[in-house]
Each structure stands twice: as structure tokens, then as C-alpha cells.
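1. Compute the structure for the input listed below.
(2 chains)
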Amino acid sequence: MTQHLDDQLLSDLLDDALDVSERARADDHLATCSECDSRLRTMRGVVTRAATLPRSVDVPADEWQRIRARIGARQWRGAGTMPWWTRRSALLAAALALVMVSSGVTALLLRPEPSVTTQAPPPVVKGVPATARVAAIEDEYAATARQLERELAARKHALAPETIAAVERSLRTIDAAIAEAREALARDPGSETLERLLVAGHGQKIELLRRAARLATQS
Amino acid sequence: MSLTGSIVRGLSPGVADESAELARRARDGDVEAFERLYRTHAPRVRGLCLRLCGDAQRAEEAAQDAWVRAWERLSTWRGDAAFGTWLHRLTVNVVLESFRAERRRLARVGLATDEDEPDAPAAQREPGDAMDLERAIARLPRGARMVFVLHDVEGYRHPEIAAMTGLAEGTLRAQLCRARRLLMEMLDR
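-> Next up is the predicted model:
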């Protein structure tokens, strides 16, 4: 009896990825080895079952609304015609909100931490239109925030209820500030000040989430 | 949302022509046409994301990102490929990009994804704990799951997967074998 066929060879055999001589050697072995033949049948069974799995699944009822909102926001970003100063009060509120979150528990979480490397903002790509660039930056921040939120959610039980409440309150404030900055930027897409304000808002959010997650880990 | 309980239907064969017409209208900014495309193809996109991600929450994010990306990139669909094929490929790219982005983010904080983990899922389970194929696929390490889903479930060929993922042919075959072996172990108990 020659050595048994390994799984890689069996897998390649199923995909018809062996050359003629390898194929002949495998066939010879399989003709006399019930163990390898059985393993090949089992592997083929998995592949066959996988190929017949249904391809479609149910979709959440509200998914389209969320997609529609994101598409609408992107359309609107590029369509701004109203001068940004008409939204000055909202903008001031946004800026103020960013300052206000640096209080209480949040101040503790957001205080400077020299030994820790803060997350660098996504790189600015030259030559890309401002609206597309801002959208890309926001997407990157959003993905990072989602990941940190998942980490925080998994460790939330380690934090005191009042800390959780303070963090959630601050996140709502920051989200509102981000939304205001985004709205203002949509009306004045070329404003570097507004872009910086928007990025700063995202940065605050990431920093708050990151430190809250770390606090939960250390608790 | 469970991986197994919500699988309902596939696409009917006659959707291609209608989708092409809707895609042309959506390309011109018709959001209602895009919504009809969504209604037709969303279950398929969702299923693909769910299997590639192996996690309902990530799949939800990926599916939404794919549809937003499709809207933004509709101008690149030229009608020479079926809209469904184009959308499918775009969805795979969105998921793969999210994997890469996550890997970069984790690398910044010194963590790794499960792509390089040893083959633990089957070994951690108790004997006799049989599971269905959907759940077993979801438990595969990411790299193996990705290649298995694209090849054995979705029917992409090795060169197509290599082009999409950037994996060398040998790596791809090794990941496929790894996935099949782990699945045999998980399903056999």
C-alpha cells in the first residue's frame, strides 16, 4: 500500500487541478484504497452541498430606507447652494457641542494622554474632489467607530452605569455636532474650516470610544 | 438574524432584461428605478455578504455599503455584463475592502484578524455536536471562508478569485482545501 493521498491532492482532484500524471497516480491509489476513496466522497459531498445552498436571504424591512438616506446625503452634499452663514447658529452649536463634551466623565476620557499614540486621521488624497474626499474620510471614520462600538459593547458590563450613561450622552452630542458640521459643509463644500470641524468631530468620537473601550478592558 | 433560518429564494431567470433597463434609468439618476433594482437583488447581495462575513452585523454593514457603492458607481456599468453579475462582483470587492481596512485598523493597535489563526473551530467543539453547513461555513477562519464561499458556493473559478482577492493560485488552493477539511470535521461530529 502506498502512502495515503493528502487532503490537498484530494481537493485539487475535485477541482480538476491535477496534471495528467498526478491524476493517474491518484486514480490508481483510489482504486485500491477505500480509506482515501471514502474521504474523497466525503469532501465531494461537502462541495456538492455547498453548490446547492440557496443564494438569497431575507432582508431587513428598513434596509432600503437606510440606504436611501445615505444615497440622499451624498447627493445633497454636492448640491449645496445656500451660503453656509445662513446656518451659522447651527454651526456654532456644533462647535460648542464639541467643547461641551470635554466635561465630567467625558473630560476624563478625553484628557491628553501623552504616552498613547492618537489615531491619525485618514490621509488626504490630492486631486480628489473635496466632496468625494470628505465622503471617503467619513466612511473610514465610520468603519473605525463601528468596530470600536462593537468592542465597547462586548466589554460594557465592566463599566459603571454612570460611566456608560455619560459616554452615551457624549456620543449623542458628538453625533449631533458631526451632523451639523456635515450639513454646513454640504452648503459650503469648499470650506476648509468646516471640513476640519467635521473631521475633528469624528476624531473626538473615535478617541472617546477608544478610551472608553480601553477603560472597560482595564476595569 | 440567523444564518440558516432566513434563506428564502433565488433569483428568477427572467430578471436580467428588466434589471438592465432599470440600471440604465438608475444610471441617469432615477432613484425609484434603483429601488426596484434593490428589491430584486437585495436578497442575493445580503446572502453573499452574510456568507462572506460570517456575521449578521458585519453583513448588514457590508450590504448597505455595497448598495451605496453601486449607486455611486453605476456610471461604470456599461451594459456589456449583466447588472446582477456587475453588482455581485462589486459586492465581493466591498466586503474584501472592509476586510483589508479592518486588518489595517487592527494592525495599528497590534491585533490580528482570524485569517492567520490555527484551525481551531472544529477542534474546540465537543464530539457529537453536529452542525449544519451554513453554521459551519460561518465558523471558518476568514481567509478559508472567503475562498470557499466564492468557489464552492458562488461558483467563481480559481483565476477569477485570484483576480478579486490578489491571492496567488497556490494560496487559494490551500485555503480552499483548508476550508473543505475543516467543514468535513465540523459536519462529521
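
2. Next, count neighbours for A:T32.
-> Neighbour count of A:T32, defined by other Cβ atoms under 10 Å in any protein chain shown: 10. From N, CA and C alone the C-beta is placed, and that goes for glycine too.

3. Could you list every helix and strand in contact with the one helix or strand B:A179 maps to?
-> Assigned by DSSP states H and E, B:A179 belongs to helix B:169-188. Secondary-structure packing of helix B:169-188 (3 or more Cβ pairs under 8 Å, 6 or more residues apart in numbering or on different chains; DSSP states H and E): helix A:7-14, helix A:34-51, helix B:120-123, helix B:133-139, helix B:142-148, helix B:158-165.

4. winner for burial among these?
-> helix B:142-148 (a mean of 24; mean count of other Cβ atoms under 10 Å in any protein chain shown).

5. B:E154 - nearest residue in space that isn't next to it in sequence?
-> The shortest distance from B:E154 to any non-neighbouring residue, by Cβ to Cβ, 6 or more residues apart in numbering or on different chains, is to B:L48 (6.9 Å).

6. quick one: average pLDDT of the helix holding B:A179?
-> Taken as a whole, helix B:169-188 has a mean pLDDT of 94.

7. What residues does the most centrally placed residue in chain A make contact with?
-> The residue lying closest to the centre of chain A (Cα atoms, centre = their mean) is A:A143, at 2.6 Å. Residues in contact with A:A143, defined by Cβ atoms under 8 Å, 6 or more residues apart in numbering or on different chains, are B:98, B:101-102, B:105.

8. Kindly recompute the last result at 6 Å.
-> B:A101 (Cβ atoms under 6 Å, 6 or more residues apart in numbering or on different chains).

9. Roughly how far does it sit from B:R104?
-> Separation of A:A143 from B:R104 (Cβ to Cβ, to the nearest Å) stands at 10 Å.

10. in stretch A:168-188, what counts as buried?
-> A:170-171, A:173-174, A:177-178, A:180-188 (16 or more other Cβ atoms under 10 Å in any protein chain shown).

11. what's the closest of those to B:A174?
-> A:L171 (42.9 Å; Cβ to Cβ).

12. give me the element the closest one is part of.
-> Going by DSSP H and E, A:L171 is in helix A:161-187.

13. Ok, B:R51 next?
-> helix B:31-53.

14. Helix or strand next in line after that helix, which one?
-> Taking DSSP H and E, what comes next after helix B:31-53 is helix B:56-73.

15. do that following helix and chain A meet?
-> Yes - applying Cβ under 6 Å from any Cβ of the partner chain, one finds helix B:56-73 touching chain A at B:64, B:67-68, B:71.
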